[in-house]
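K.L.:
have a look at this prediction, sequence included:
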Amino acid sequence: MVLNDERRERLRIRRQLVGLLRDGGGVATALFCLIQLANGVLPALTALATAAVVGSVGHGTGTSRIVVPLTLLAAALIVGQVLSAIQFPTSLVIQSRIDLAHRERVAELASRSSTITVLEQPAVQDLIATVNAEPSTWIEKTPGQGSTAQLMLIVRYFGLVSSALVLARFSWWLVPVLVVPAFAYRAFAQHQWLNHFTIWARGISHHRRYQYWGKLAAAPAEGKEIRVFGLDEWVSRTGQNHGLTHMRPVWEDDYRAARAKWLQSVLVFVPLLLAFLAVGIQTEHGHSSLATETVVLTAAWAVFQAMGNTFDSVAVQGVMPVMRAYNALTSALADDAPAVTDAAPLSHTPTLTFDDVSFRYPGSSRDILKGLALDIAPGDLVALVGMNGAGKSTLTKLLAGLYEPTAGSIRADGRDITEIGYTAWRRELAIVFQDFVRYPLSARENVALGADIDQAALDAAAREAGFDEVLARLPAGWDTPLSKERAGGVDLSGGQWQQVVLTRAIYAVKRGAKVLVLDEPTAHLDVRTEFEVFERLARLARDATVILISHRLSTVRQADRIVLLGSGRILESGTHDELMALDGRYADMFNIQAERFREGYDDRVEEGELL
Ligand SMILES: Nc1ncnc2c1ncn2[C@@H]1O[C@H](COP(=O)(O)OP(=O)(O)OP(=O)(O)O)[C@@H](O)[C@H]1O
């Protein structure tokens, strides 16, 4: 039953692989199919042409009779050579196109889910790692490689059939005598290869560790320690041990396979000998000609050639995990089709309402937010403060719709954001996450991120984020790649990167975003720069609501409202003066930071110091 299910799945994947050939491009795939077909039938044609040449020589009636069969034979040989020369580049073109289309589908699949809940599941992450199909060993194959191998496997049977037809013309019984052992030969070789494959795959974790230890010796950072602590011998021995643990069973299998070669040789040798003897005897007795003998001998050999190569099966086997992961990922993300929405952009900045919002992360039993209630008026600059782990970033992720509240709702002008639709709602947001992405792109691309370029707005955003001074020092200004890995690129400091993403968020506001969320956007900036940025943000707050998370209380004191989060709830809320007058937790935190600052320390509250 299980075996049947497994067979059915393998068959389904094989069909999928054939279907993928569509992505290889019409012309290239047609050419590849033609090459495979020709490769399949050429041995039989060569057999017929050779026989015709031999036959015409035997008649001894001058050279004219031999010209046509000789030309045919030469044509078959030349076509065979040409085809094998263009087969490889054609297959590379098809494979890369199929792989590109596959990666596009995977990216589309991964972004299909409107929240990131499902993507955070370890099982889904494992599937994505497999489905990305980046082979690092010979046993792993890409969908492109699997797909062309599957086609070659199918076409192989055309070769078998054409050679069998040629044999049948001489004597029908030669067909089973040769084809049955050829199948047995194939099954045997295939079994050996797949066994070899399985044994190799079983030790993959040792192989990975062998690779890791091998790379360690050559890596600059680790190289420092290896030299200082004299670890070279230990590193090389550990690597060697992993290599040997992986390869020993593989080598044993190689010896076993070599010893079993005699059976394969018998499977080829005996039927061929039978066929050769039968035809030889008949020719001897005048029942057959030398030409027929030639055709039978060549076609008989071609039968084994057609069935002999088993590497295509290994390639198909190598892509099975990728296709299985792809199918599993499709089912895992099936319920997360994008919310289709045609909601029009908001005409004004909305009032934001967190209505009794509770939240716990999927798979966790701890409530991060517990019935949180918060209203934010349009154009307000609200500072969210609180200890590490209080749930500030979580609140912004809920606002962005990356997770859905476990209870309660988040509303914009009274409308639940799920009703507006996440795609439409996110157009209204500009968010700088704490763990923002540093794209190895130009400064301009890092700020615009695919949006239309409005250079005047870009320049203004850079000024407001304090990025203009950095920009002026970049060798190619806006066009400078922000990565040393790119030609002419530069590496920015942590603070300079924050200025880039601040510029990104401000540019989004200039292009119409109504809510700006900044999660510790200034943590790496020096106090003076942070203060200036904050001043500018305060001015920006007239066009958009700004929600700012910060640990530096001296900076956020100018916010319209400061909200102190703790234990999943709002502990205190008000202006700086109101909260200081309250003399509660905020006042404590502020006083400690102010004291530290006076003493010359950084004014950032470190984890565990307070509350
Ligand atoms: N993806 C996640 N899965 C499970 N728990 C998470 C996840 N992300 C955050 N948490 C937990 O949620 C709690 C709140 O985290 P959050 O990042 O919202 O805090 P924060 O107030 O922004 O802290 P910080 O000031 O350090 O940035 C923390 O205890 C954290 O461990």
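P.N.:
Now that the structure is in, tell me what you want to look at.

K.L.:
residue 185: neighbouring residues, count only.
P.N.:
The local packing of residue 185 (other CB atoms under 10 Å) involves 22 other residues. Every residue, glycine included, has its C-beta placed from N, CA and C.

K.L.:
now swap in the one 5 residues further on and tell me
P.N.:
A count of nearby residues for residue 190, using other CB under 10 Å, gives 17.

K.L.:
residue contacts, the nearest residue to it once chain neighbours are set aside?
P.N.:
Excluding its sequence neighbours, the residue lying closest to residue 190 (CB to CB, 6 or more residues apart in numbering) is residue 310, at 4.6 Å. Applying CB atoms under 8 Å, 6 or more residues apart in numbering, we find residue 310 in contact with 186, 189, 190, 193.

K.L.:
surely the third one and residue 316 touch.
P.N.:
It stands for residue 190. No. The pair residue 190 and residue 316 fails to qualify as a contact (CB atoms under 8 Å) at a distance of 10.6 Å.

K.L.:
same for the helix or strand hosting residue 28, what does it pack against?
P.N.:
According to DSSP states H and E, residue 28 maps onto helix 26-59. The contact analysis (3 or more CB pairs under 8 Å, 6 or more residues apart in numbering; DSSP states H and E) places helix 26-59 against helix 64-110, helix 143-170, helix 290-308.

K.L.:
for residue 381, find the nearest of the ones you listed.
P.N.:
Using CB to CB as the criterion, the shortest distance between residue 381 and the helices and strands packed on helix 26-59 is 34.9 Å, found for helix 64-110.

K.L.:
now the closest one: average pLDDT?
P.N.:
Averaging pLDDT along helix 64-110 yields 87.

K.L.:
helices and strands around that helix, which ones?
P.N.:
Applying 3+ CB pairs under 8 Å, 6+ apart, we find helix 64-110 packed against helix 2-20, helix 26-59, helix 122-131, helix 143-170, helix 311-332.

K.L.:
what's the domain layout of this protein?
P.N.:
Using automatic domain parsing, the domain ranges for the chain come out as 2-336, 378-401+426-598.

K.L.:
is the ligand within reach of the shortest one?
P.N.:
Yes. Judged by CB under 6 Å from any ligand atom, domain 378-401+426-598 and the ligand are in contact via 386, 388, 389, 390, 391, 392, 393, 394, 434.

K.L.:
most neighbours among the residues you listed, please name it.
P.N.:
Looking at those with neighbours defined as other CB under 10 Å, the largest count falls to residue 386 at 25 neighbours.

K.L.:
that one contacts residue 562, doesn't it?
P.N.:
No. Checked against CB under 8 Å, the pair residue 386 and residue 562 is beyond contact range at 10.3 Å.

K.L.:
contacting residues around the residue of the stretch 1-150 of the chain found nearest the ligand?
P.N.:
Distance from the ligand to each residue of the stretch 1-150 of the chain (CB to the nearest ligand atom) is smallest for residue 120, at 5.6 Å. Shown in contact with residue 120 (CB under 8 Å, 6+ apart): 361, 362.

K.L.:
circling back: most packed of the domains of the chain?
P.N.:
Greatest average neighbour count among the domains of the chain goes to domain 378-401+426-598 (a mean of 18), per mean count of other CB atoms under 10 Å.

K.L.:
how about the strands in the stretch 351-500 of the chain?
P.N.:
352-359, 369-376, 381-385, 407-412, 415-416, 429-432 (DSSP state E, counting those that start in this stretch).

K.L.:
so which bits of the stretch 1-150 of the chain are right by the ligand?
P.N.:
Counting by CB under 6 Å from any ligand atom, the stretch 1-150 of the chain sits next to the ligand at residue 120.

K.L.:
try it again at 5 Å.
P.N.:
Residues of the stretch 1-150 of the chain found near the ligand, taking CB under 5 Å from any ligand atom as the criterion, are absent altogether.

K.L.:
where does the stretch 251-400 of the chain dip in pLDDT?
P.N.:
335-343 (pLDDT under 70).

K.L.:
which residues touch the residue nearest the centre of the chain?
P.N.:
Of all residues in the chain, the one closest to the mean position by CA atoms, centre = their mean is residue 132, 3.0 Å from it. Going by CB under 8 Å, 6+ apart, residue 132 touches 103, 106.

K.L.:
how near is it to residue 144?
P.N.:
Distance check for residue 132 against residue 144: by CB to CB, to the nearest Å, it reads 13 Å.

K.L.:
again, but for residue 44
P.N.:
Using CB to CB, one obtains 29 Å as the distance from residue 44 to residue 144.

K.L.:
mind telling me what element the closest residue to residue 254 other than its chain neighbours is part of?
P.N.:
In this structure, residue 254 finds its nearest non-sequential neighbour in residue 196, 7.4 Å apart by CB to CB, 6+ apart. In this structure, residue 196 sits in helix 174-202 according to DSSP H and E.

K.L.:
looks like residue 77 contacts residue 46 (just checking).
P.N.:
Yes. Applying CB under 8 Å as the test, residue 77 and residue 46 come out as touching, 6.9 Å apart.

K.L.:
got the residues of the stretch 251-400 of the chain near the ligand?
P.N.:
Residues of the stretch 251-400 of the chain found near the ligand (CB under 5 Å from any ligand atom) are 361, 368, 388, 389, 390, 391, 392, 393, 394.

K.L.:
got the contact list for residue 520?
P.N.:
Under the criterion of CB under 8 Å, 6+ apart, the neighbours of residue 520 are 434, 549, 550, 551.

K.L.:
for the ligand, see how far away the closest residue to residue 377 other than its chain neighbours is.
P.N.:
Beyond its immediate neighbours in the sequence, the residue positioned closest to residue 377 (CB to CB, 6+ apart) is residue 351, lying 5.9 Å away. As judged by CB to the nearest ligand atom, to the nearest Å, residue 351 and the ligand stand 23 Å apart.
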